[in-house]
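1. Could you work out the structure for the sequence below:
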Amino acid sequence: MKIHMELPITAEKADRVHAGDFVYLSGQMYVARDAAHKRLMELIEKKEQLPIDIKDCTIYYMGPSPAREGRPIGSAGPTTASRMDKYAPTLLDLGEKAMVGKGKRTKEVLDAVVRNHAVYFAAIGGAGALLSQCIRKSEIIAYEDLGAEAIRLITVEDFPVIVVADDHGNNLYATAQQEYQIS
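-> Numbering: from 1, shown residues only. Here you go, the predicted model:
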């Protein structure tokens, strides 16, 4: 099923999508990778304010390449989500509602998706140049010293993703393997 969804994602919106759905996201989401997540966790541990509004936010695990002239961003493909697995349950518990990346997630992350009525989307790896065409605006909002790993706020239009893990406990990676008997 193809679904057009406006960001931010809320628990109600997360509840309407299911593993395997094709979704086109429009609105604002954050971009953050390993180094930025580590810094966010350090602030959480110190009980200090985060540089982003975590409530109902979507975080895209991506490290962009430099923007070409006339474009807001360069290639914008997803990075492997499992590198954020040690941080994701805490961020989900604090209000994050959606993650975009690629690859499998741990049981702890999948449990946090269900517990927090959230969703894990996958973007297509290797399609960074095409995905960048859906990004209308990009600005660094925190940790500029991290370069490509700085936290960005991006505005997207019809950004294509697939629901991998939904808040009903469905996981496309598990069900697809069962369906096609892949071991």
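2. give me the number of residues near the closest residue to D85 other than its chain neighbours?
-> In space, and not counting its chain neighbours, D85 is closest to T106: 4.6 Å by CB to CB, 6 or more residues apart in numbering. Every residue, glycine included, has its C-beta placed from N, CA and C. By other CB atoms under 10 Å, 14 other residues sit near T106.
3. Find me the pLDDT at T106, would you?
-> T106 carries a pLDDT value of 98.
4. Check S75 too.
-> As predicted, S75 sits at a pLDDT of 88.
5. for T175, same thing?
-> 81.
6. Let me know the secondary structure of it.
-> T175 falls in the helix class when you classify it by DSSP: H, G, I helix; E, B strand; the rest coil.
7. Tell me the spacing between it and V164.
-> T175 is 10 Å from V164, where distance means CB to CB, to the nearest Å.
8. Next: I141.
-> Distance, I141 to V164, using CB to CB: 26 Å.
9. same question, Y61
-> Distance of Y61 to V164, computed by CB to CB: 13 Å.
10. per-residue pLDDT, P160?
-> pLDDT for P160: 98.
11. That one - nearest residue in space that isn't next to it in sequence?
-> Spatial nearest neighbour of P160, excluding adjacent residues (CB to CB, 6+ apart): Y24 at 5.7 Å.
12. And the one you found, its phi and psi?
-> The phi/psi pair for Y24 (degrees, to the nearest 10) reads phi -110, psi 110.
13. Check G126 too.
-> Reported as degrees, to the nearest 10, the phi and psi values for G126 are phi 90, psi 0.
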